[in-house]
Each structure stands twice: as C-alpha cells, then as structure tokens.
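Student: Provided below are the primary sequence and the corresponding predicted coordinates.
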Amino acid sequence: MAPDREPLLRIEGLRTSFHTHEGVVRAVDGVDLAVHEGEILGVVGESGCGKTVTAMSILRLVDRPGRIEGGRIVFAGRDLLGLSASEMTAIRGEDIAMIFQQAKVSLNPVIPIGRQIAEQFMRRRGLGQRAAMAEAVKLLAEVGIPAPESRIKAYPHELSGGQAQRVMIAIALALHPRLLIADEPTTAVDVTVQAQILRVLRERCRELGTALILVTHDLGLVAQVADRVAVMYAGQVVEQAPVAELFAAPAHPYTRGLLRSLPRLGDVRARLVEIPGTVPSLTRALPGCRFAARCDVRLAHRLDRCTEDAPLMMPLTAGKPHAVRCWFEGQLA
Amino acid sequence: MSAALMAGEIAEAAPRATGWRWLLRQLLRHKQAQIGGTVLLVIVVCAFIGPYIAPYDPLKVDALNRLLPPSGAHWFGTDELGRDMFSRILFGTRYFALICLVSVSIAAGFGVLLGLIAGAGSYWGDMAIMRAMDVVLAFPFILLILAVVAVLGPSLWTAMIAVGIAGVPNYARLVRGEVLSVKHEEYVEAMRALGAGPVRIMFGTVLPNVVSAIVVYTSYAMPVAVLSASALSFLGLGAQPPLPEWGAMVVGGRTFLRTAWWVVACPGMAIFVGVFSCNLLGNALRDVLDPRGT
C-alpha cells in the first residue's frame, strides 16, 4: 500500500447533516478516509459517532431529513457526489456494494433466496433464468451454504441469521464490485457464527480483489480482519493507522480509552476502565477538540488549547500512515 | 464495546406468507375456504359448461308454460315468458364471473398502479393522486354511474366499467398504505444499495410484499362489485332484460313476487350464494395471509 498511489476511494471533508426539529445534527463533520484497491479498512467507533452515516453517504443512500452538505467522495477517479441519480444507481451493486447489520430483514421476505441472487445476473448481466440460477448455486457454495441446489428455493425466514448474512454476502459480491461496505455485518449473529462470517467475508474479498470497509463498534473484530483502522468520534476520524500499529501504540486519548475498556481473556484482576462522560451533542458546533471534555490527557495536564482550537489530522511521523487528530499526538500520557 | 457479545440471534420473526403452493395447502385446511372455494369453483365450471348442460334455451319464450312453479321438468320453475329459470340461472353464472373479472380487474389494475405511484413517489405525486381519489370517493356512486351510462349507454359493460371505476380509490388507498409501511423496510434499503432503480424496487421488491393485502381485499371487492352491478341492473342501468343476468332477473320478476315467488327468489338466492362464497373465501384468505387481523 504505497501512500503515493491514488486510492480506490478517497473521502475528503465529508459533511452529512440531519435537519431535525431539534436543530441540525452534524452526524458526519469533516471525515477524511482513503481505501486502497483490495484493502480492508476497519472503521471503528461507538454508537452515533457517524460511522454508518459515512458508509451510507458513500453510496448516497442518505434520506431526508439527512443531507450530504460538503466534501468529495472520489471513487476510481470520479466524484460520486457529482453524479446523476441514474449514474449512481449504476455504480451501486456493480462497483460498490453494501451489506447491512441484520441480514434476515435485508432479504426480501416473499422471494426465494436463489431468485434474489439470480436477479443480479439477470438484470445486470443479461443472463437467462437458468444460467443465472446456476450462478446463484455456485455463489451459495462459495459462501459456504450447505446443499446449495436445494437451498436456493428457501425463503429468508427459513434461514438462520448466519446463513442469511452469507446469502447477503453472495448477493453483494455477485457482480464482483471493487468495494464492499459491510455495516456491522456480525452484530446480529451469535459469537460462534461471527468468526465464520468474518472468514467468509475476508476470503471472498481477497479472492475477488474487492476492497472492504468494515464498519463496526468491535475493536476485537477489526484486529482480526482489517489491514488499516480508522477510529471515529463524534462525526470525525480521530486516528488512522495500520492495524498492528494502532493496537501497539495508540496515539489518540480516545483510542487508548477504547483499548483500556476492552476485556482481556485471562486477566482477572484488572477492572475494566470506562471513558468518563458522554459523547457531546452534535447539534452545536464545538470550537475545540470534540473529545476535550472526556479527555484524561487534557485533564491531567490542564491544557487550554484543546477547548479553544480544533486539532487537525496530522501524521505522527512525516510520510508514515499513522495519523491522529490531537494536539499532543500521543506524546503525553 | 462488545455489545456484539450480548446481541445474540435476533428473535425469529413470524414467517411471512410465501409461495402459491403453500397458500393452496393452507386454504385446503380451512373450513370456510373449503365451502366458499367449492361453490365458486362450481360457478366457474358452470360458466364454462353451462350452455352444454342447460336443459332449455334460456331465451326461448314458451307462452304455454308461463310462471310454472318448480317441478321435475322445470327445477326452478319458469318466468313470466315461460323461460326455464334453471337454465337462466345456469347461464347467469357467466355474467357473475364476468362482472367479478372485469370490474375487479379495472379497479385493481388502476388502483394498484396509482397506489404504488402515490406510496413510492414524490410528495406532490402522492398529493395529486390521493386528492383525485378523494374526489372520486366523495362523488355519489349513482351519479358517477349515470355519467358513465350517459356516455356509453346502458349495458352490462357500462355497469362493469362504472363499478370498476368506483372501486379504484379503495385499491389505491389500500396499496398506498401498504407501500408506505413496506418502503422503509431494510430489504428495500438493501435493494437500493445493490443498485436497483426506483421502478425495479416498486415492482420487484415492494409489490410482491403487498400482494397478500391485495388478494385479501379482492375477495371482498368481488361480491361488492357483483352486488353493485346487480343493483345497476335493477335500476335499468346495467344488463338489459333478455340477458339472464341475476340482478336483471330479479327486476323482471319483482311484479310477480306475490303469485310466483320463485321468479325472484331463485336469482336472488343465486346472488346470495355467490356473494357469500366470495366472502367465505375472503375470510379464509385473510386468516392465512394476514394473521395480524385475527
């Protein structure tokens, strides 16, 4: 992943807001992200940090009262925000696909799953029904559904949550998109099934050379799968790094807090450490760092700068991929 | 952080009605469906083979055998012109089936399309369509029919078209409501994310999910259509006299009600049995397809 190469997807200064009766909620406020060809990027953050809205913004699926208000989303050299609705429809599924948290309700309940997969081939590739069904059987086998020839006739309610997610993966990857966005793909399934789903997801993406954005709140999951991680907080990316580096040397106080709050197997004595306070309201613009109010570094060192000036995303070392949005760049602890 | 550990499998959702074969199996187990379905099946079969099994020509006047009571030769008696009532009722099944088919097709065809557009389209499209439907609903039914009759002249077809038009708003409202509840489901969002355009989502994703509501409603709309068409025939705006349409037969016989009850009772009974069977089937379909209501 050479930093000078043009990434597959580059998001710059994305701003998506929701115009509600209580005011304008800046759910995504200046997000910068890049995904390279074939790479797996984990986007981590707690509920309401804007990670799902970022994902939906990429596909331009944000509905009223939400609105994408600024920034650029450049995919393979084209700014998606400048495309017409029909050009965008052509990109969805074909170049960029998405799977959702609850696979069972993401499948049409009244249509057998085989037809739902085959439809992609029939509509987009012009295959006949028989050929499309054969492709569907092949895809089901590839995502690990046993006896795919008979399962294609099953309706979504006859599947388990894990099987439904496998079917969703098959549909999403049917046309070999260059980018797959997975929004909490394993949150709704059992822990035991989680690992299998992740393995299928990773293997299929690697085989097809599909880049993957894995949106999740689960740091452990990211550690298993991702190449690179972006940590989001209150509508912004606060830290970005290759996965090993992030876990070895987290630079942002929020990332450190997250890692401290993870339970560790075999460690019976240490109490889990929480991050004090709550996420700031996104309806008001904050002058300083979003995390300042909860930041232990700021409290310990009584830093005024944090509440006055908003920090920018800066690489820790010039030219290295580890970047952080903090005035102190991990130098204080 | 690790809410994933706590969030296990989501609760099994009640399986939705799926597949025609499944539907048939469920209906065969349902008593009301058995009765209603059998009678309707008999009516449809009679509509096809009636002309071949009818003992007499339904239009043949026989002045010597006027107003005969039911007997072995004339099971349902004869009317004021000596025509065999049984043969006429048998031929009437054709008009019963035709009214069901034509007027309900008109109502369902336009109503479903308008409802889909109103439910899935823009705010202004929704406004325009639904206010137009309100106008049709607010318009007195008979006046609407009179307008259609004035243009097309009184005939069975006029009655069927008029009844069909009058049924459009109900379908549009039903479908619009269903679409509004379905279109925010996650599978619709997922289809958008997979690159389905608005038309494909409307017909390929949303429509199959509102079909069960349409089917249930249709089974109620059919008897209403038959009754309306009969009422129109009764008023002289629908089927015209020699035609053995049940509603028109009731009209023709009403002057003889005191002396020859069978001339009115037989077609009246036929209407009742046909409508009641539709309702029975409708109840059964509702039980099977829409478990929320029961």
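Tutor: Received it, and whenever you're ready, just let me know what you need.

Student: which non-adjacent residue is nearest the residue of chain B found nearest chain A?
Tutor: Chain A sits closest to B:Gly195 of chain B, with a gap of 2.9 Å, by C-beta to the nearest C-beta. For every residue, glycine as well, the C-beta is placed using N, CA and C. Spatial nearest neighbour of B:Gly195, excluding adjacent residues (C-beta to C-beta, 6 or more residues apart in numbering or on different chains): A:Gly93 at 2.9 Å.

Student: count of residues packed around the one you found?
Tutor: If you count neighbours by other C-beta atoms under 10 Å in any protein chain shown, A:Gly93 ends up with 24.

Student: Same question for the one 5 residues further on.
Tutor: By the criterion of other C-beta under 10 Å, A:Met98 has 28 neighbours.

Student: How about the one 10 residues further on?
Tutor: Applying the criterion other C-beta under 10 Å, we find 24 residues in the vicinity of A:Asn108.

Student: any weak-confidence spans in chain A?
Tutor: A:1-4, A:265-271, A:302, A:329-333 (pLDDT under 70).

Student: Quick one: the strands in it, in order.
Tutor: A:9-20, A:23-35, A:40-44, A:66-75, A:78-79, A:96-99, A:179-183, A:211-216, A:228-233, A:236-242, A:314-315, A:323-324 (DSSP state E).

Student: Residue numbers of the stretch 101-250 of chain A in contact with chain B?
Tutor: Proximity of the stretch 101-250 of chain A to chain B, by C-beta under 8 Å from any C-beta of the partner chain, involves residues A:102, A:104-112, A:119-120, A:123-124, A:155, A:157-158, A:160-161, A:168, A:171-172, A:186-191, A:194, A:216-221.

Student: one step back: rebuild the strands of chain A as JSON lines, extending it with distance to B:Val215.
Tutor: Listed next are the strands of chain A as JSON lines, based on distance: least, C-beta to C-beta, whole Å:
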{"stretch": "strand A:9-20", "distance to B:Val215": "38"}
{"stretch": "strand A:23-35", "distance to B:Val215": "41"}
{"stretch": "strand A:40-44", "distance to B:Val215": "44"}
{"stretch": "strand A:66-75", "distance to B:Val215": "36"}
{"stretch": "strand A:78-79", "distance to B:Val215": "45"}
{"stretch": "strand A:96-99", "distance to B:Val215": "32"}
{"stretch": "strand A:179-183", "distance to B:Val215": "35"}
{"stretch": "strand A:211-216", "distance to B:Val215": "39"}
{"stretch": "strand A:228-233", "distance to B:Val215": "47"}
{"stretch": "strand A:236-242", "distance to B:Val215": "50"}
{"stretch": "strand A:314-315", "distance to B:Val215": "62"}
{"stretch": "strand A:323-324", "distance to B:Val215": "58"}
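
Student: Which stretches in the stretch 101-250 of chain B count as strands?
Tutor: In chain order, the stretch 101-250 of chain B shows no strands, with DSSP state E, counting those that start in this stretch as the criterion.

Student: what stretches of chain B score poorly on pLDDT?
Tutor: B:1-19, B:290-294.

Student: For it, which residue occupies the most central location?
Tutor: B:Met222 (1.7 Å; C-alpha atoms, centre = their mean).

Student: from memory that one sits against B:Asn279, does it?
Tutor: No: using C-beta atoms under 8 Å, B:Met222 is not in contact with B:Asn279, being 9.1 Å away.

Student: Centre-most residue in chain A?
Tutor: With distances taken as C-alpha atoms, centre = their mean, the residue of chain A nearest its centroid is A:Val215 (2.5 Å).

Student: Which strand residues bridge it?
Tutor: Beta-bridge partners for A:Val215, by DSSP bridges, are A:Val43, A:Asp183.

Student: now it: how far from A:Val44?
Tutor: 8 Å (C-beta to C-beta, to the nearest Å).

Student: Next: B:Leu137.
Tutor: Computed as C-beta to C-beta, the B:Leu137 to A:Val44 distance reads 54 Å.

Student: same check, this time on A:Gly162
Tutor: Relative to A:Val44, A:Gly162 is positioned 22 Å away (C-beta to C-beta).

Student: Show me which of those two is the more surrounded one.
Tutor: Each of A:Gly162 and A:Val44 has its neighbours counted (other C-beta under 10 Å); A:Val44 has more, 26 against 23.

Student: what comes up buried for the longest helix anywhere in chain B?
Tutor: Under DSSP state H, the helix in chain B containing the largest number of residues is helix B:85-120. Under the neighbour-count criterion of 16 or more other C-beta atoms under 10 Å in any protein chain shown, helix B:85-120 has B:85-100, B:102-104, B:106-108, B:110-120 buried.

Student: which residues are common contacts for A:Val215 and A:Val44?
Tutor: Listed as contacting both A:Val215 and A:Val44 by C-beta atoms under 8 Å, 6 or more residues apart in numbering or on different chains are A:Lys51.

Student: Might you name the residue of the stretch 151-300 of chain A sitting closest to chain B?
Tutor: Nearest residue of the stretch 151-300 of chain A to chain B, counting by C-beta to the nearest C-beta: A:His157, 3.9 Å away.

Student: Next, count neighbours for that residue.
Tutor: Neighbours of A:His157 (other C-beta under 10 Å): 16.

Student: Quick check: it touching A:Pro109?
Tutor: Yes: counting by C-beta under 8 Å, A:Pro109 is a contact partner of A:His157 at 6.4 Å.

Student: What are the boundaries of the helices in the stretch 101-250 of chain B?
Tutor: B:123-138, B:141-152, B:156-182, B:186-193, B:198-200, B:207-234, B:246-253 (DSSP state H, counting those that start in this stretch).

Student: contacting residues for the residue of the stretch 51-200 of chain A found nearest chain B?
Tutor: Residue of the stretch 51-200 of chain A nearest chain B, by C-beta to the nearest C-beta: A:Gly93 (2.9 Å). By C-beta under 8 Å, 6+ apart, the contact set of A:Gly93 is A:120, A:124, A:172, A:175, A:177, B:193-196.

Student: So it versus B:Ile49, what's the distance?
Tutor: Taking C-beta to C-beta, one finds A:Gly93 at 51 Å from B:Ile49.

Student: B:Pro223 now?
Tutor: 23 Å.

Student: out of those two, which sits in the busier spot?
Tutor: B:Pro223 (20 against 12).

Student: what's the more buried one in contact with, if anything?
Tutor: B:Pro223 neighbours (C-beta under 8 Å, 6+ apart): B:274-276, B:278-279, B:282.

Student: Present those residues as a markdown table; the columns should include distance to chain A and neighbour count.
Tutor: Formatted as a markdown table, the contacts of B:Pro223 follow (distance: C-beta to the nearest C-beta, whole Å; neighbours: other C-beta atoms under 10 Å in any protein chain shown):
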| residue | distance to chain A | neighbour count |
| --- | --- | --- |
| B:Gly274 | 31 | 26 |
| B:Val275 | 30 | 18 |
| B:Phe276 | 30 | 14 |
| B:Cys278 | 25 | 25 |
| B:Asn279 | 26 | 17 |
| B:Gly282 | 20 | 22 |
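
Student: Which of those residues fall within helices?
Tutor: Short answer: the contacts of B:Pro223 in helices (DSSP H) are B:274-276, B:278-279, B:282.

Student: Need these in CSV (columns: distance to A:Thr54).
Tutor: Below are the ones in helices among the contacts of B:Pro223 laid out as CSV (distance: C-beta to C-beta, whole Å):
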residue, distance to A:Thr54
B:Gly274, 60
B:Val275, 58
B:Phe276, 59
B:Cys278, 54
B:Asn279, 54
B:Gly282, 49
